Structure formats: C-alpha cells, structure tokens
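*Asks:* Next one to model:
(one chain, ligands or ions: 1)
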Amino acid sequence: MHTVNPLSADTSLTLDQLRGEVASLLDGERDFIANMANVAAALYHSLRDVNWAGFYLQRGTDLVLGPFQGKPACVRIGPGRGVCGAAFEQRKTLIVPDVHEFPGHIACDSASQSEIVVPLLKEGRAIGVLDLDSPLLNRFSVEDAAALETVARLLLDGSDV
Ligand code: SME
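*Replies:* The predicted structure is shown next:
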C-alpha cells in the first residue's frame, strides 16, 4: 500500500531521488492517464526551477497535449515540429540549454529558457514524449536525462498503454 503522495514539499529533490518516489507513486495502479498525471505533478512540484512538466501523445501524425502541470500549453504539435517533434522523430532525448538557440522551438511560456524532452518508447516505438521546461538557462544535465528516461520507462512498464 503506497501513500497517495509520497513526495514531500522538499523542492530540492534531485531527479535521481525522484526515481524511487515515482516507482512508489505508480505502485498498484496501471491506468496510463492517471499515472501520467501523477508523474507530471511529481516532477513539477518536486524539482527546482521547473515551470512546466507534462506529456504529449501521438495522435495520428501529430503530438497532442496530455496530462501536465504548469501554464496552459499549445495543444497540437505537427510532425517534426519543435523540440518535442524532433525528440519524438529521432526517438532520443534532447537537452536544449537555450531554447532561443533551437531552430523551430515552440514557445508555450515566455518564461521558459531551457528544456528537456524524453521520448516515450514502447517496444522501440515512440508513442509520445515527456517534456520539462525551466526558467533557467542550461537547467538540465545528462544525469537528468538518464533519470528522466528511467522515469519514462517506469511509467510505461507500470501502465497499460
Ligand atoms: N517547447 C516545446 C513545446 C511544448 S511546451 O514547452 C510545453 C517544443 O518546442 O516542442
């Protein structure tokens, strides 16, 4: 039996610490939407300097907004568009230290300065992306990328997708 919200109000949790918290959060529930919603909330509320955390899911040729925390965001991203479309098409994590330097970046919140997008891979096929934005430049490290990829894998393995 897991607690409903195992994440404390500690905003200094690292992504590495967060992996264990996410595993606990997913324990006993396989609904994909519910699990995405709680993962987005966990990431948004537990990490420092993150102003948006959420999901886009493949719907036909586009990526469409899924559960998230942060300001309202663009709903639909066309094929290959923005950081999300690029990470989805390349099926690899993209770390963008300065979004203004990324050709085609889609600005949903003018406060966002850096971004990381992790593809959601189910049996090698991309089904969506996990996206985090920061108001700081150069917020996301390769260690963050590895931890978020683990979070994405925990989410997919722990949900009926
Ligand atoms: N910046 C993203 C769009 C999604 S928002 O950041 C929430 C992109 O360029 O794909």
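*Asks:* Tell me the predicted confidence for residue 22.
*Replies:* pLDDT for residue 22: 89.
*Asks:* Next, the contact list for it, please.
*Replies:* With C-beta atoms under 8 Å, 6 or more residues apart in numbering as the criterion, the residues that contact residue 22 are 39, 42, 151, 154, 155. Just so you know, the C-beta spots here come from the backbone N, C-alpha and C atoms, and that holds for glycine as well.
*Asks:* With secondary structure added, can I get those residues in CSV?
*Replies:* Formatted as CSV, the contacts of residue 22 follow (DSSP: H, G, I helix; E, B strand; the rest coil):
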residue, secondary structure
39, helix
42, helix
151, helix
154, helix
155, helix
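*Asks:* got a markdown table for those residues, with neighbour count and pLDDT too?
*Replies:* Output for the contacts of residue 22, formatted as a markdown table (neighbours: other C-beta atoms under 10 Å; pLDDT from 0 to 100):
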| residue | neighbour count | pLDDT |
| --- | --- | --- |
| 39 | 27 | 97 |
| 42 | 23 | 93 |
| 151 | 22 | 94 |
| 154 | 18 | 94 |
| 155 | 22 | 97 |
